[in-house]
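Dropping the sequence and predicted coords here.
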Amino acid sequence: MALYRRIPGAIAVITLTNPPVNALSCTVREAIYETVKRATADQEVKAIVLCGANGKFCGGADIKEFSREMRGPPLVPMIDMIEESEKPVVAVIEGVAFGGGLELALGCHYRIAHSGAQVGLTEVTLGLLPAAGGTQRLPRLIGVPAALDIITTGRHVSAQEAVRLGIVDKVTDSSAMEEAIEFAKTVAGEPMGPRRLSLWTAACPEDLDSLLEGALVRIRQRSRGALAPVACVQAVRAAASLPFAQGMKKEQELMAYLFTSGQARAMQYCFFTQRAAARWTTPSGASWENTKARPVRQAAVIGLGTMGKGIAVSLSRAGIPVIAVETEQKRLKAGRKAVNSMLTRESQKRGLAEAHLGSISFTLDLRKLRDTDLVIEAVFEDMALKKQIFSKLSSVCRPDALLCTNTSGLNIDEIASAASRPELVVGTHFFAPAHVMKLLEVVCGPRTSPVAVATAMQLAKRLEKIGVVVGNCSGFVGNRMMRPYTEQAYYLLEEGARPEEVDLVLEEFGFAMGIFRVMDLSGLDVGWRSRKELGLTGPKLPPGTEARSRGGKRYSPLPDILCESGRLGQKTGRGWYLYEKERVATPDPWLQSFLEDYRSRFGIQSRRVGQDEILERCLYSLINEGFRILQEGIAASPEDIDVIYVSGYGWPRHRGGPMFYAWMVGLPKVLDKLEHYHRTHPDIPNLAPSSMLRKLVARGSPPVHQWRALIQQHSSQL
Ligand SMILES: CCCCCCCC/C=C\C=C\CC(=O)SCCNC(=O)CCNC(=O)[C@H](O)C(C)(C)COP(=O)(O)OP(=O)(O)OC[C@H]1O[C@@H](n2cnc3c(N)ncnc32)[C@H](O)[C@@H]1OP(=O)(O)O
């Protein structure tokens, strides 16, 4: 709702009241209409102040309403009505003014912000555009180039930048409300015509076409295949070239197109699922609501390799004092130097004062960890080494210290078995670079206690990461699903495709990089090492093993052969591609002839592999593994899997995540295709449709949010 009150000085104050973010729900819009009409009709009122309750102006339209039939007064005429008011309307921006919230403020005649406030036209992040006049008013207010950037990225703009750009008229460190009231008194009675942005002309650069073209190029690089940013560019072009009324018409047309697109639905799904992941539960009844996290006042990181350094920086940035441990002086020195320069760069980039960073001390002595609340072991993926460390930690650390292991797939239970308190051992799978990537898989072993889960999830929040609770199995959720996907990519090469063909299809789907480019970037030796450990290749491989088969299943030795010949990816200048210029991947004629030789050596008839087959085999095998993970209870819900893929594996947000995508494509179609590919390749068990998929199809393919109820009938590893 919106509360109305009159205060001395002939001011009407209208307060948006809809916790937690004062979203513009149907009721709020109705109340704004009513209260603004009341204030404009009241002869005693000379000016109006519009603010939000609880220190937040407005978080925009109520996103929940987008999936229902829209009721109540629309935003556009409501904002027009405010702009047309003869009495000055002053917006008080505290906390946030996002999306429709900022559009509402742009309809007001003046905007006064608190210095801690943030503004933004965030609609593009929800697959939409600012369709309450935002695409037309903002360019008129601050010029086309700045507005184009804000509208196409949806980025949050600080109050300081907002005043510099002219989005707000004033910023104050003290009470924005009091400032606005005093200001409103000074402008009461003035003509408001010059303050109506709809009457302004957008300041436009001479090279408008090249500005817009440049924006489209950046959009294609950043979010391939996403419709909303492209529509934003078109709407800004309209603001630059058309009168306001026609620009508004264009804005509405573009919104209608986006609103009904699957992409908007997918991105709004991502918004809610990301928040839902924090509400974890386990079948034992433990949950985020009934389990208290232990306070973390001091943390330690063991190992200052790539992951350890990023984790230490993350902790420090969250204001947590850190003790960083290494085994040798030389490594300690190198780690200290790297961490300190990362922190300096971070504080410069984010404008963080040194005082807000947690201190980091460096030591070779594990005994220094006796008072730490939480330890994150981040040494390499070596089970024996990890167990040795956990055994030592048990004797050094406080009995209630949480012991975390950063692993991308090792058995948490086995690591915990080396600790004297296995219930306080939890897996924390960070993603590289750990101080940048948002995802944290919180891995529960069978003995991990609810308190350990709660503390790790609370830590994720403090580190500004998205924590997702997953069960213990090889590769957990994310990496386990990657395996069948990568395997299909190898098989496609064996059958006739080229790496650049596979990558192009995946990039057109929306991934920032195709799988072969990703492997070249992270290093082919990563997978090679783990295949050697598993005895799939290298010295542990039993003599006489067939080259293209392991345990009766198809196996591709292609990546092993590349590694054996020293092609480890970007770092060696060649992998699946050639890198003559640093980081620029070019198709390698050598690889082409190598693949031809390989096919003839194994009698494989090369064929043209179509784009649909590439996409379906790669994605559906990954999705199929997702269904198996649900069936085994390794993930609590399909939503959790989707959050993992969107925030940690570059799955395009506008496709919602693999499980959501499967539902959008149609579960019967996914099932059909998997059956077809499995018939054609019976030696690839991953292509055999999972029973969970079959079950969902048999139940009429219910929407994703209903799957959890079906999954609960199965076992859970959480
Ligand atoms: C056929 C054509 C028809 C066209 C008709 C349509 C016409 C529409 C016209 C105009 C449209 C305008 C579009 C918009 O305004 S879209 C919304 C834009 N707003 C945003 O993008 C802001 C989203 N919210 C956030 O970024 C954050 O929530 C923030 C406001 C920064 C607060 O962050 P934080 O303090 O961390 O809290 P949470 O994110 O956890 O949020 C708390 C709970 O509030 C819920 N929430 C937040 N924003 C909204 C919202 N706009 N609508 C509904 N609910 C919202 C959030 O889900 C959390 O809920 P819960 O606790 O249950 O998880």
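The structure has been received and is ready for your questions. Numbering: from 1, shown residues only.

What are the phi and psi values at the residue of the chain at minimum distance from the ligand?
Residue of the chain nearest the ligand, by Cβ to the nearest ligand atom: residue 99 (2.4 Å). C-beta coordinates here come from the backbone N, C-alpha and C atoms, glycine included. Torsion angles at residue 99 (phi, psi; degrees, to the nearest 10) stand at phi 50, psi -130.

Look up which helix or strand residue 51 falls in, please.
Assessed by DSSP states H and E, residue 51 sits inside strand 47-52.

again, but for residue 21
Counting by DSSP H and E, residue 21 is part of no helix or strand.

Just the pLDDT for the residue most central in space within the chain.
Compute the mean C-alpha point of the chain, and by Cα atoms, centre = their mean the closest residue is residue 647, 3.5 Å away. pLDDT, residue 647: 97.

That one is in contact with residue 274, isn't it?
Yes. Residue 647 lies in contact with residue 274 (Cβ atoms under 8 Å); the separation is 7.0 Å.

any residues in contact with both of those two?
residue 466 (Cβ atoms under 8 Å, 6 or more residues apart in numbering).

residue ranges for the strands of the stretch 451-600 of the chain, please.
With DSSP state E, counting those that start in this stretch applied, the stretch 451-600 of the chain shows strands at 466-471, 549-550, 553-554, listed in chain order.

With residue 499 as the reference, name the closest of those.
With distances scored as Cβ to Cβ, the stretch of the strands of the stretch 451-600 of the chain nearest to residue 499 is strand 553-554 (19.0 Å).

Just checking: what are the partner strands of the closest one?
Strand pairing for strand 553-554, using DSSP bridges, gives strand 549-550 (antiparallel).

and the partner strand, how far out from the chain's middle?
The chain centre lies 37 Å from the centre of strand 549-550; the measure is Cα atoms, centre = their mean, to the nearest Å.

Quick check: buried residues in stretch 308-324?
308-318, 320-324 (16 or more other Cβ atoms under 10 Å).

With just CA atoms, put it into PDB.
Provided in PDB are the C-alpha atoms of stretch 308-324 (Å, rounded to 0.1, in the frame of the first residue of the first chain):
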ATOM      1  CA  GLY A 308      43.800 -21.000  -1.700                       C
ATOM      2  CA  LYS A 309      44.800 -17.500  -2.800                       C
ATOM      3  CA  GLY A 310      41.400 -16.600  -4.100                       C
ATOM      4  CA  ILE A 311      39.700 -18.000  -1.000                       C
ATOM      5  CA  ALA A 312      42.000 -16.000   1.300                       C
ATOM      6  CA  VAL A 313      41.200 -12.800  -0.700                       C
ATOM      7  CA  SER A 314      37.400 -13.600  -0.500                       C
ATOM      8  CA  LEU A 315      37.600 -14.100   3.300                       C
ATOM      9  CA  SER A 316      39.600 -10.900   3.800                       C
ATOM     10  CA  ARG A 317      37.200  -8.900   1.600                       C
ATOM     11  CA  ALA A 318      34.400 -10.100   3.800                       C
ATOM     12  CA  GLY A 319      36.200  -8.600   6.800                       C
ATOM     13  CA  ILE A 320      37.200 -12.000   8.200                       C
ATOM     14  CA  PRO A 321      40.800 -12.200   9.600                       C
ATOM     15  CA  VAL A 322      42.700 -15.000   7.900                       C
ATOM     16  CA  ILE A 323      45.700 -17.200   8.700                       C
ATOM     17  CA  ALA A 324      47.200 -18.500   5.500                       C
END
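
Give me the distance from that stretch to the chain's centre.
21 Å.

Let me see the mean pLDDT of it.
In the prediction, stretch 308-324 has an average pLDDT of 96.

Which residues are in contact with residue 515?
485-486, 489, 502-503, 506, 618 are the contacts of residue 515 under Cβ under 8 Å, 6+ apart.

Take the residues you listed and keep only those in helices.
485-486, 489, 502-503, 506, 618 (DSSP state H).

now the contacts of residue 515 as JSON lines including neighbour count and pLDDT?
Output for the contacts of residue 515, formatted as JSON lines (neighbours: other Cβ atoms under 10 Å; pLDDT from 0 to 100):
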{"residue": "485", "neighbour count": "22", "pLDDT": "98"}
{"residue": "486", "neighbour count": "20", "pLDDT": "98"}
{"residue": "489", "neighbour count": "27", "pLDDT": "98"}
{"residue": "502", "neighbour count": "26", "pLDDT": "98"}
{"residue": "503", "neighbour count": "25", "pLDDT": "98"}
{"residue": "506", "neighbour count": "24", "pLDDT": "98"}
{"residue": "618", "neighbour count": "25", "pLDDT": "98"}
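
Show the overlap between those residues and what lies near the ligand.
The subset of the contacts of residue 515 within reach of the ligand, by Cβ under 6 Å from any ligand atom, is empty.

name the helices or strands packed onto whatever helix or strand residue 164 lives in?
Assigned by DSSP H and E, residue 164 falls within helix 159-165. Under the contact criterion of 3 or more Cβ pairs under 8 Å, 6 or more residues apart in numbering; DSSP states H and E, helix 159-165 touches strand 110-114, strand 118-120, strand 170-172.
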